[in-house]
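Colleague: need the 3D shape of this:
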Amino acid sequence: MTSATTVPLRYARLGRSILNSQMLISVVLLAFAAVVFAVSPDSLQDPAFFGALLLVFVLTGVAIMVPWTPTTKRWAIALPILDIVAIVGMREAEPLLGAGLFLVFPIIWMARNYSIQGAFAGVAIATALLVLARVFRGGEITLLDFPGMVLLPLTFIFIATTTYATSRRSKSQRILLQQQSALVESALSRARKQERVLDAVLNAVEFGVVAFDSKGTPTLENLAYRRALDEVGLTSTTVINPTIYQTDRLTPYSETDMPYVRAIAGEEYENVVYWVGVPGDMRSAYSATSRNTRGPAGQLDGGVVVIRNVTAELEAVRARDELAASVTHELRTPLTSILGYVELAADAPELEDRTREMLEVAVRNSERMLALVTDLLNTDGDTVVSISKVPCDVGRVAQEAIEAAQITAAQRRITIISDIDRPAATSADPLRVRQVLDNLLTNAVKYNREGGTIAVTTLIDSESITVSVTDTGDGVSDEDMEQLFERYFRTDASRRSAAIGSGLGLGISRDIAVRHGGSLTAVSQVGIGSTFSLVLPITPGD
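Modeller: Below is the predicted model:
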C-alpha cells in the first residue's frame, strides 16, 4: 500500500475521532437541555446557560467543518477546553441542575487523545474553573461546597487516570494488531507469490500433475494433466480416465487397481504403465508415479500423482523388438545353410588336415553365431536361454576365447595376460560358456585404451570356478552400474565411443551364468578399469 493512500486514510480516522468525541458531548448536552426544558423551562432563558449551551453546538460545527490533519491536531485540543468552559458556565448558571458531572466527557477526550499531559490539563482546567467560579460567586465556603470543590476533582482525576491507562493499553494492542496484520499480509503476499510461481512451474512442465486431499478430492491440476484428459475427449469435470488398459493394451484395469484409486488409498508406486483409448483407435500410454503427503502430525493428508506420456518410448521399444526379430529371422536361414555345407565340406576324406582344422573352426564359429541369432530372436519374449550341460573344461574354453580375441587385441596394441589353471572341470554348456567369455573379452578390447592390458585369470575352489576378465579401460560409473546387465542398455562411455554395440551381450551373458546356477558380476572404477567375473558351480558331469 502506498503512502499516498495511507495518509488520507489516517486523516479520515483523525477527523472521525475528533468529530465523534465532540458529537458525544453535543448529544449528551442536547438531551440534558431537553430534560431541563421539560423540568425547568425558565433555565433556558438564562443568558449564561443558553450561551454556554450554544457554545457547545458552535464547537460541534467547527469539528465538522475543519479538515483535521496531524498538523492541525494540536489545535483540536481547544474544543474540549472550550467544552469544559461551557459546562462550567452551565453549572454556575444553574447549580442545582448538576451540569458539572458532564465535565467527565471532555476530560476523557483529552486523556484519551493527548496522553498524560492532556489528562492532567483536563483535570487541572476543570478544577481551576470550578474553584474560580466559587471564589467569584463570593460568600463563605461551607461544607456544602465540599462535593464540588473536592470530590468532583478527585473523581475527575480517577476517570482521567483510568482513561489514560486504558487508552495506552488499547493503543499498544492496536499497534500489536497492526504489526500482526502486517506480518499476516506479508505472509499472505509471499504465499500468493509462491502459489503463482508453483502454478507457473507446474504449467511449464510437460508431465501431468494432480494433487488431492485426504478424501481424494483434487486440489491441483496442471495444464499437462488437463491436456492429457482432453486428448481422449474427457470433459473438464472429469478427474481420471474411466477406462484404462494394462500393458497388454487389451485387459482393462479394475476399478480398485486404477493408479489414481490406489494413490487415494495411500499406496505409493512408481512408473505404473497404462494405456488410454479403445483397442483399434488411436491410443496413448502413460507412466504414473504416486507419492503421499503428510499432515503436521504425520497423518496421511492426500497425495500427488504424476503422469508422463510414454507412447513414443513404448512404440520405439516395440519397433526395435520387431526389427530385431525380423533381422534375426532372416539371418537364421542362411546361417543354417552355411553351417550345413561347411560340416559337409569338413567331412570330405580328401581334405588335408590343416584345411579340415580351419573348417572345424568355421563350424564352431558358425554354430556360435547361430546360437547368438537364436538368442536375439528370443529377447522380446519369455523364452529362456537353452543350456545343454556336458563335462566341460572351463580353462580350455577360456584359452580358446583368448586365442580368438588376440587378433582384434593386437590391432589396438592391447596385451592379453592369461593365468588359467587347467583342468577346470565341471558340468556346463561349453558353447554358452564360450559365448559369455567371448562377450567379456570383446568388451574388454572394445572399451579399453590403446596399448592397454587385459588379464584373464581362473580361481578354482571346492565349490566353484571363477573366470575373471580385468581391463584397463575407462570404467563404469555407479549410475550406469545399476543398469549394466539390463538388455539394450549402453553406458554413457559406450554411446560416446565409436564402438558398435546393441546392449544385449551382458544381459544374455548373465542369463547364461544364472542358468548354470552361477553368476556374472562386475566391479569398476572410473578411469582405472573394470573386472567381470563369471562364477560357475562345480557339478559332476551328466
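Colleague: going forward, measure contacts and count neighbours with C-alpha atoms only.
Modeller: Noted.
Colleague: host element of the residue nearest the centre of the chain?
Modeller: Compute the mean C-alpha point of the chain, and by C-alpha atoms, centre = their mean the closest residue is L198, 8.9 Å away. Using DSSP states H and E, L198 falls within helix 152-204.
Colleague: could you do V467 as well?
Modeller: Element membership for V467, per DSSP H and E: strand 464-471.
Colleague: and that strand, what's its mean pLDDT?
Modeller: For strand 464-471, mean pLDDT is 93.
Colleague: give me the distance from it to the chain's centre.
Modeller: In this view, strand 464-471 has its centroid 46 Å away from the chain centroid, taken as C-alpha atoms, centre = their mean, to the nearest Å.
Colleague: with just CA atoms, put the next helix or strand after it into CSV.
Modeller: Using DSSP H and E, the helix or strand that follows strand 464-471 in sequence is helix 478-481. C-alpha atoms of helix 478-481 as CSV (Å, rounded to 0.1, in the frame of the first residue of the first chain):
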residue,chain,number,x,y,z
ASP,A,478,28.0,-46.0,-10.2
GLU,A,479,24.8,-44.8,-12.0
ASP,A,480,25.5,-47.0,-15.1
MET,A,481,26.5,-49.9,-12.9
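Colleague: and the helix or strand containing A404, what does it pack against?
Modeller: Using DSSP H and E, A404 sits in helix 394-411. Counting contacts by 3 or more C-alpha pairs under 8 Å, 6 or more residues apart in numbering; DSSP states H and E, helix 394-411 is packed against strand 415-419, strand 425-428, helix 430-446.
Colleague: now render these as TSV, adding mean pLDDT and distance to E482.
Modeller: Output for these, formatted as TSV (pLDDT from 0 to 100; distance: least, C-alpha to C-alpha, whole Å):
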stretch	mean pLDDT	distance to E482
strand 415-419	90	28
strand 425-428	90	28
helix 430-446	88	18
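Colleague: out of these, which gets nearest to L132?
Modeller: Counting by C-alpha to C-alpha, L132 lies closest to helix 430-446 out of those; the figure is 117.3 Å.
Colleague: just the residues contacting that closest one, thanks.
Modeller: Residues outside helix 430-446 that contact it (C-alpha atoms under 8 Å, 6 or more residues apart in numbering): 368, 387, 389-390, 392-394, 397-398, 401-402, 405, 408-409, 414, 454, 469-471, 473, 499, 505-506, 509, 512, 532.
Colleague: if you set the cut-off to 6 Å instead, what comes out?
Modeller: For helix 430-446, the surrounding residues in contact (C-alpha atoms under 6 Å, 6 or more residues apart in numbering) are 397, 401, 409, 471, 509.
Colleague: with stretch 261-280 instead?
Modeller: Outside stretch 261-280, the residues that reach it (C-alpha under 6 Å, 6+ apart) are 216, 244-247, 283-291.
Colleague: narrow the residues you listed to those that are buried.
Modeller: Neighbour-count burial (16 or more other C-alpha atoms under 10 Å) applied to these gives 216, 244-246, 284-291.
Colleague: now flag whichever of these is closest to A93.
Modeller: Closest to A93, out of all of these and judged by C-alpha to C-alpha, is G216, at 79.2 Å.
Colleague: does the closest one count as helix, strand or coil?
Modeller: Assigned with DSSP: H, G, I helix; E, B strand; the rest coil, G216 falls in the coil class.
Colleague: pull up the gap between it and Y260, please.
Modeller: 9 Å (C-alpha to C-alpha, to the nearest Å).
Colleague: next: L30.
Modeller: 73 Å.
Colleague: the more surrounded of these two?
Modeller: Shown here are L30 and Y260; by other C-alpha atoms under 10 Å, Y260 has more neighbours (24 against 15).
Colleague: show me the shaky parts of the stretch 301-450 of the chain.
Modeller: Per-residue confidence for the stretch 301-450 of the chain (pLDDT under 70) gives these ranges: 320-333, 336, 368, 370-385.
Colleague: can you show me the strands along the chain?
Modeller: Assigned by DSSP state E, the strands in the chain fall at 208-212, 218-221, 244-245, 269-276, 284-294, 300-309, 390-393, 415-419, 425-428, 453-460, 464-471, 519-525, 529-537.
Colleague: reformat those into TSV and put distance to R169 next to each item.
Modeller: As requested, those are exported to TSV (distance: least, C-alpha to C-alpha, whole Å):
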stretch	distance to R169
strand 208-212	46
strand 218-221	43
strand 244-245	66
strand 269-276	57
strand 284-294	42
strand 300-309	42
strand 390-393	99
strand 415-419	92
strand 425-428	94
strand 453-460	88
strand 464-471	83
strand 519-525	72
strand 529-537	78
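Colleague: for E352, which of these is the nearest?
Modeller: Counting by C-alpha to C-alpha, E352 lies closest to strand 390-393 out of these; the figure is 28.0 Å.
Colleague: and that closest one, which residues are buried?
Modeller: 392-393.
Colleague: same for it, what does it pack against?
Modeller: Contacts defined by 3 or more C-alpha pairs under 6 Å, 6 or more residues apart in numbering; DSSP states H and E place strand 390-393 against strand 425-428.
Colleague: partner strands of the strand it packs on and their direction?
Modeller: Neighbouring strands of strand 425-428 in its sheet, by DSSP bridges, are strand 390-393 (antiparallel).
Colleague: D83: which of the strands of the chain is closest?
Modeller: Among these, the nearest to D83 by C-alpha to C-alpha is strand 218-221 (61.6 Å).
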